[in-house]
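Chemist: model this:
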Amino acid sequence: QVQLVESGGGLVQPGGSLRLSCGASGFALENYAAIGWIRQAPGKGREGVSCINRDDSSAIYADSVKGRFTISRDNAENTVALQMNSLKPEDTATYYCAVARYGRCSPYASGYDSWGQGTQVTVSS
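Modeler: Next comes the predicted model:
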């Protein structure tokens, strides 16, 4: 059974940083074609934030986070991280880790097969 667990969320002031981590239980993340981070703000739909491809480790980012967020993976630790810098109040959301068994990174939430429970990120002064 695929189980993803996110950690690292919290409350941070505007301009601050957080590092989210996604861990996998019972399977190797590297066996999945793409691993992404998707967020959902209150009252809004799910938005693809970033994703990393297995085959060439290329990554995609939403325009709203380009230059501020960086995705990375550690196959030895079986984790994927999202480093978030220069955080803004509009980054406030629940952040989900998700995986796609086949294909490549998708900017859409529908492109992923399994999801974690999410971790809350709140950016506020």
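Chemist: Just the CA atoms from stretch 36-50 would do, formatted as CSV, please.
Modeler: Extracted in CSV, the C-alpha atoms of stretch 36-50 (Å, rounded to 0.1, in the frame of the first residue of the first chain):
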residue,chain,number,x,y,z
GLY,A,36,5.1,16.3,-7.1
TRP,A,37,4.0,18.9,-4.6
ILE,A,38,0.4,20.2,-4.9
ARG,A,39,-1.2,22.8,-2.6
GLN,A,40,-4.7,23.9,-1.8
ALA,A,41,-5.5,27.2,-0.2
PRO,A,42,-8.8,27.7,1.7
GLY,A,43,-11.7,28.1,-0.8
LYS,A,44,-9.5,27.3,-3.8
GLY,A,45,-8.7,24.4,-6.0
ARG,A,46,-5.6,22.3,-5.9
GLU,A,47,-2.6,23.9,-7.6
GLY,A,48,0.5,22.1,-8.9
VAL,A,49,3.5,23.7,-7.2
SER,A,50,6.5,21.6,-8.3
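Chemist: The most centrally placed residue in the chain bridge partners, please.
Modeler: Nearest to the mean C-alpha position of the chain, by C-alpha atoms, centre = their mean, lies W37 at 2.1 Å. Taking DSSP bridges as the rule, W37 bridges to S50, C97.
Chemist: which residues touch it?
Modeler: When contacts are counted by C-beta atoms under 8 Å, 6 or more residues apart in numbering, W37 touches 20, 22, 48-51, 71, 80, 82, 95-98. All C-beta spots, glycine's among them, are computed from the backbone N, C-alpha and C.
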